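Engineer: Task: produce atomic coordinates for the following.
(2 chains)
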Amino acid sequence: MRRTVVLLLALGALASASAQTLTTAIGSNPPTLDPQVTFNGFSFPVTNQVYETLVRVTPDGAIARPPGATPTPPRCA
Amino acid sequence: MTFHDGTAFDADAVVASFQRILDPATAAPGRFVLTSIDEVRAVDATTVERVTDPPFAPLLAHLAHPVAAIVPVAQAADLARNPVGTGPYAFVRWVDGSEVVLQADADYWGGAPAIAEVVVRIIPEVSTQVVELRSGGVDMIFNLPADNFLTLVSDPALETGTLPGWGSAHLGFNVANPKLADVRVRRALAHAIDEALITEEFFRGLAAPGVAPIPGTVRYAADLPEPYPYDVEGAKALLAAAGAEGLSLRLDVFQNPDLESVAQVLQFAFAEIGVDLEIRVQDFSAYTQAVESDDVELWMTSWGTVTLDADYTLYAFFHSGQVPANNRSRWVDADIDALLQEGRDNPDDAARAAAYLEVQERAVAELPMVTLYYPLFTYAKRPSVQGEVLAFSWILLDLRNATLD
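Structural biologist: Presented below is the predicted three-dimensional model:
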């Protein structure tokens, strides 16, 4: 009896976790999830969630830097 | 700050990551995005210096490219199947052909994302994606063909949208081919194309007619008037003046439903001015070989200016050093080379804008290619998803501030 209760509690936890799941779709299995060794359009939608670049494009086309990243102006050697 | 596996994320990690993609032994297909970098060094624990010689004005835009992601090099051999990064979501599992599961990183530097789990399902058939969206099996889908998209627009249970993208589609001419060397022939073919027919009838408004080789979303894109409006009689007159009546041409295209359909529209349009067009559809590698061969005549391609900077596309399409891999038009001009180099070397915004305007004006006048259209990108979602940020391409989907009811 006790075992059954524990199992039901575990199922309840799973159900609440699934309410917090966002599901999207892509049209093909990614060939790899290493962003440096591919140019495949089905890899990047996944790798862009897991990895980050040093800067990112904002919707207005500007380049955003994370806080604390302060590029120095280019200078000639 | 650390990677998801606890490895330190510091200047040394950043340097090692750049060195890995730049190392020819890595054989990275996106290496060219970063080859302007001659040397990367850690100045101290949190400062990285990149040396480019000569200077490279669009460098910052290139650092935002997905291939420039910072990876933990010690785990390099496993990243293909077990990705490890510093992003908002950490990898959980990947069931081939079925789904990739990610979970929010509680320690993400920008604060943990509100949505605890992201599942990316692999669903090849668009019609299946649509059914799953309607039933709640998926929350968000992207890049829908016009017919599928328009049926979802009228569904009150869903939210849909279109956004200008970074993409463009082109009809290229090999200007070194005797059949296409006379600019009047190229202009005649441009006049024969009713671009509005393609964007309105075929794409149902989900593409905009093109003029400049880069869409308006890209920095330094020129806003040029359409110089070759649809004009069958004008096109015939140009062909006659060039002594090119009764021309037969071959168009190379790779297997792609949109491009193949547009190729058929072009075949019909060229027949109207007495030009016979043979369409050769091949898989991508055979197509690539064909367009790099000197006997190529016409080809179609779709392209994305992923850095959103004019250099990425204009340099590839029009610099003499890019023949034949990217400059398949064999359009070779010392003044164009100098302007493209100016755009790379000169960090001054106005100087870059002037250089790229001249390149685009000359490309439209001399016509090494016709820019046919700029596709919009589409999405459809369940309204329970809010706060996601989407711009330019679905691959940039930003879920850091997204919520789910």
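Engineer: Which residue does chain A have closest to chain B?
Structural biologist: Residue nearest to chain B within chain A (Cβ to the nearest Cβ): A:Tyr51, separated by 3.3 Å. (C-beta placed from N, C-alpha, C; glycine too.)
Engineer: so what's that residue up against?
Structural biologist: Residues counted as contacts of A:Tyr51 (Cβ atoms under 8 Å, 6 or more residues apart in numbering or on different chains) are A:35, B:69-71, B:83, B:85-87.
Engineer: mind listing the helices for chain A?
Structural biologist: Applying DSSP state H to chain A gives helices spanning A:2-18, A:44-50.
Engineer: Leaving out chain neighbours, which residue sits closest to the residue of chain A closest to chain B?
Structural biologist: Leaving aside its chain neighbours, A:Tyr51 sits nearest to B:Gly85 (3.3 Å; criterion: Cβ to Cβ, 6 or more residues apart in numbering or on different chains).
Engineer: How far does the helix or strand containing B:Trp394 sit from its chain's centre?
Structural biologist: Using DSSP states H and E, B:Trp394 falls within strand B:393-398. For strand B:393-398, the separation from the chain centroid amounts to 13 Å (computed by Cα atoms, centre = their mean, to the nearest Å).
Engineer: can you tell if that strand touches chain A?
Structural biologist: Yes. Using Cβ under 8 Å from any Cβ of the partner chain, strand B:393-398 reaches chain A at B:394-398.
Engineer: quick one, what contacts whichever residue of the stretch 1-150 of chain B sits closest to chain A?
Structural biologist: Residue of the stretch 1-150 of chain B nearest chain A, by Cβ to the nearest Cβ: B:Gly85 (3.3 Å). Residues near B:Gly85 by Cβ under 8 Å, 6+ apart: A:47, A:50-52, B:3-4, B:69-72.
Engineer: swap in B:Ile141?
Structural biologist: Applying Cβ under 8 Å, 6+ apart to B:Ile141 gives the contacts A:24-25, B:129-130, B:132-133, B:379-381.
Engineer: Identify, from the residues you listed, the entry nearest to B:Lys236.
Structural biologist: B:Tyr379 (42.8 Å; Cβ to Cβ).
Engineer: ok, the spatially closest residue to that closest one that is not a sequence neighbour - how many residues close by?
Structural biologist: Excluding the flanking residues, the one nearest B:Tyr379 by Cβ to Cβ, 6+ apart is B:Phe142, at 5.0 Å. By other Cβ atoms under 10 Å in any protein chain shown, 20 other residues sit near B:Phe142.
Engineer: what's the answer for B:His319, then?
Structural biologist: B:His319 has 22 nearby residues by other Cβ under 10 Å.
Engineer: do you know how far it is from chain A?
Structural biologist: B:His319 sits 20 Å away from chain A, going by Cβ to the nearest Cβ, to the nearest Å.
Engineer: which residues touch that residue?
Structural biologist: B:327, B:336-337, B:340.
Engineer: Now intersect those with the helices, please.
Structural biologist: The helices, defined by DSSP H, take in B:336-337, B:340 from those.
Engineer: re earlier: for the contacts of B:His319, pick the one with the most neighbours.
Structural biologist: The most crowded member of these, judged by other Cβ under 10 Å, is B:Leu340 (25 neighbours).
Engineer: From B:Phe317, how far out is that one?
Structural biologist: Counting by Cβ to Cβ, to the nearest Å, the gap from B:Leu340 to B:Phe317 is 10 Å.
Engineer: So which elements touch the longest strand belonging to chain A?
Structural biologist: Using DSSP state E to define each element, chain A has its longest strand at strand A:21-26. Strand A:21-26 makes packing contacts with helix A:44-50, strand B:117-122, helix B:126-135, strand B:140-142 when contacts are defined by 3 or more Cβ pairs under 8 Å, 6 or more residues apart in numbering or on different chains; DSSP states H and E.
Engineer: Determine which of these approaches B:Leu197 most closely.
Structural biologist: Among those, helix B:126-135 comes nearest to B:Leu197, with 23.7 Å by Cβ to Cβ.
Engineer: hang on, the earlier thing: for A:Thr58, state which of the ones in helices among the contacts of B:His319 is nearest.
Structural biologist: Nearest member of these to A:Thr58, counting by Cβ to Cβ, is B:Leu340, at 26.4 Å.
Engineer: could you check the distance from that closest one over to chain A?
Structural biologist: 19 Å.
Engineer: these two touch, right, that residue and B:Asp311?
Structural biologist: Yes. Between B:Leu340 and B:Asp311 there is a contact at 7.5 Å, judged by Cβ atoms under 8 Å.
Engineer: what's the neighbour count on residue 54?
Structural biologist: Chain wasn't specified; assuming chain A. Look at A:Leu54: counted by other Cβ under 10 Å, it has 20 neighbours.
Engineer: Oops, wrong one, chain B.
Structural biologist: Neighbours of B:Pro54 (other Cβ under 10 Å): 12.
Engineer: Would you report the backbone torsion angles of it?
Structural biologist: Dihedral angles of B:Pro54 (phi, psi; degrees, to the nearest 10) stand at phi -70, psi 170.
Engineer: so how far is A:Thr53 from it?
Structural biologist: Distance, B:Pro54 to A:Thr53, by Cβ to Cβ: 23 Å.
Engineer: if I look at the closest residue to B:Pro66 other than its chain neighbours, how far off is B:Pro83?
Structural biologist: Nearest-residue entry for B:Pro66: A:Phe44, 4.4 Å, with adjacent residues in sequence omitted and distances by Cβ to Cβ, 6+ apart. From A:Phe44 across to B:Pro83, the span is 12 Å (Cβ to Cβ).
Engineer: Same drill for the two, tell me which one is more crowded.
Structural biologist: For A:Phe44 versus B:Pro83, neighbours defined as other Cβ under 10 Å are more numerous around B:Pro83 (30 against 26).
Engineer: Helix, strand, or coil at that one?
Structural biologist: Here B:Pro83 is coil, with the state taken from DSSP: H, G, I helix; E, B strand; the rest coil.
Engineer: Tell me which residues touch it, please.
Structural biologist: Applying Cβ under 8 Å, 6+ apart, the residues near B:Pro83 are A:33-34, A:46-47, A:50-51, B:91.
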